[in-house]
Each structure stands twice: as C-alpha cells, then as structure tokens.
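J.: Need a 3D model of the following:
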Amino acid sequence: MKVFLTPRVLLTLLFAVVFWASAFAGIRAGLQSYPPAHLAIVRFLVASAVLVLYAALSHFRRPELKDLAGFALTGLLGITYYNLALNYGETNVTAGTASLLIASTPVWTAISASIGLRERLSTGDGSAFSSASPVPASLPAARVKARAFIFPCTR
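T.: Got it, this is the predicted structure:
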C-alpha cells in the first residue's frame with residue numbers, strides 16, 4: 001500500500017496539529033473565566049455537539065449495547081480524568097510546561113511498562129524517547145518516528 005500526501009490529507013494534518021497545539025494556550029485562557037471542572041464540561045459539550053453533527057451527516061453506525069459499558073469506562077477514566085488533571089495542572093504551570101509534560105507521556109509509559117510489567121526496552125525505543133524531548137536535535141528522530149508510525153508503508 002502506497003501512501004499519498006494529497007492536499008486534503010496535508011490540510012487535515014495541519015488543521016489537527018494547529019488545533020491540538022493551541023489547546024494548551026486555549027485551556028490557559030479558558031481558566032481565566034471558568035474553574036477547571038467547568039472548563040472540562042464546556043469542552044465536552046462543544047466536542048459532543050461537533051461529534052453529533054458529524055455523526056449525523058456521515059451516517060455513523062450506532063454502537064452495540066454490549067460496547068456501551070466499555071465506552072463509558074474509557075470516557076470516564078481516559079477522557080474525563082485526563083481533562084480534569086490537565087485543567088487543574090494548568091492552574092499551577094504554564095501552557096508550554098503542560099505541553100512538554102503531556103508530550104513526555106510516551107517516555108513515562110515505556111518506563112512504567114518496563115518497571116511494572118517487566119517489559120524489555122529495545123534500542124529502537126531510544127528514538128521514541130528522543131522525539132519526546134524538547135531538544136531540537138531530536139527532530140530527525142521525530143521525523144523517522146512519524147514516517148514509521150503515522151504514515152506506514154507496506155511493501
């Protein structure tokens with residue numbers, strides 16, 4: 001399978017990166033008007049409205065009843081807890097610091113898996129660590145990682 005970076009794909013990627021990167025500054029600005037928990041609710045309501053509109057227009061298939069408990073648990077732990085922790089965290093640190101801490105998540109995940117689950121880290125994992133680093137020298141490793149994982153190409 002060959003991957004083509006069409007203008008539509010590039011525009012979509014640019015849109016995602018700009019909005020994702022601006023989220024930390026947006027959260028910081030939102031915290032000037034809302035408490036952290038209320039800001040999370042506002043973000044959920046906006047995201048839900050956009051998702052409902054998109055789902056209605058694209059005719060999404062409804063989830064099966066057996067999947068709803070898993071969705072609820074994932075939403076509660078993975079989304080709600082993350083947003084609340086991020087919002088409360090940004091009351092004490094700058095948006096840039098929050099961004100770097102979130103970007104280092106893959107490093108902490110790998111270290112936790114190595115310690116808690118006794119997983120072995122291979123030498124290739126160093127590029128993942130270096131791409132989460134704020135050091136500009138890690139940019140080539142980040143590009144290699146992006147090509148390998150975001151734009152996979154099977155032969």
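
J.: only C-alpha atoms for contact and neighbour calcs from this point on.
T.: Noted.

J.: quick one: contacts for the residue nearest the centre of the chain?
T.: By C-alpha atoms, centre = their mean, the mean C-alpha position of the chain lies nearest to W20, the distance being 7.7 Å. W20 makes contact with no residue under the criterion C-alpha atoms under 8 Å, 6 or more residues apart in numbering.

J.: And the pLDDT at it?
T.: At W20, the model reports a pLDDT of 82.

J.: same check, this time on F15
T.: 90.

J.: can you dump the C-alpha coordinates of the helix or strand that it is a member of into CSV?
T.: Under the criterion of DSSP states H and E, F15 resides in helix 7-30. Extracted C-alpha coordinates of helix 7-30, given in CSV (Å, rounded to 0.1, in the frame of the first residue of the first chain):
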residue,chain,number,x,y,z
PRO,A,7,-3.5,18.4,-0.4
ARG,A,8,-6.6,17.3,1.5
VAL,A,9,-4.5,15.0,3.8
LEU,A,10,-1.9,17.7,4.4
LEU,A,11,-4.6,20.3,5.2
THR,A,12,-6.3,17.8,7.6
LEU,A,13,-2.9,17.2,9.3
LEU,A,14,-2.2,20.9,9.5
PHE,A,15,-5.7,21.5,11.0
ALA,A,16,-5.2,18.8,13.6
VAL,A,17,-1.7,19.9,14.6
VAL,A,18,-2.6,23.6,14.9
PHE,A,19,-5.8,22.9,17.0
TRP,A,20,-4.0,20.3,19.1
ALA,A,21,-1.0,22.6,19.8
SER,A,22,-3.3,25.6,20.6
ALA,A,23,-5.3,23.6,23.1
PHE,A,24,-2.9,24.2,25.9
ALA,A,25,-3.0,28.0,25.4
GLY,A,26,-6.8,27.8,25.0
ILE,A,27,-7.1,25.9,28.2
ARG,A,28,-5.0,28.6,30.0
ALA,A,29,-7.2,31.3,28.5
GLY,A,30,-10.4,29.4,29.5
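
J.: Now it: buried residues?
T.: Buried positions in helix 7-30, judged by neighbour count with 16 or more other C-alpha atoms under 10 Å: 24-25, 27-28, 30.

J.: Could you do stretch 94-114 as well?
T.: Applying 16+ other C-alpha under 10 Å to stretch 94-114 flags 95, 98-99, 104, 107, 110-111 as buried.
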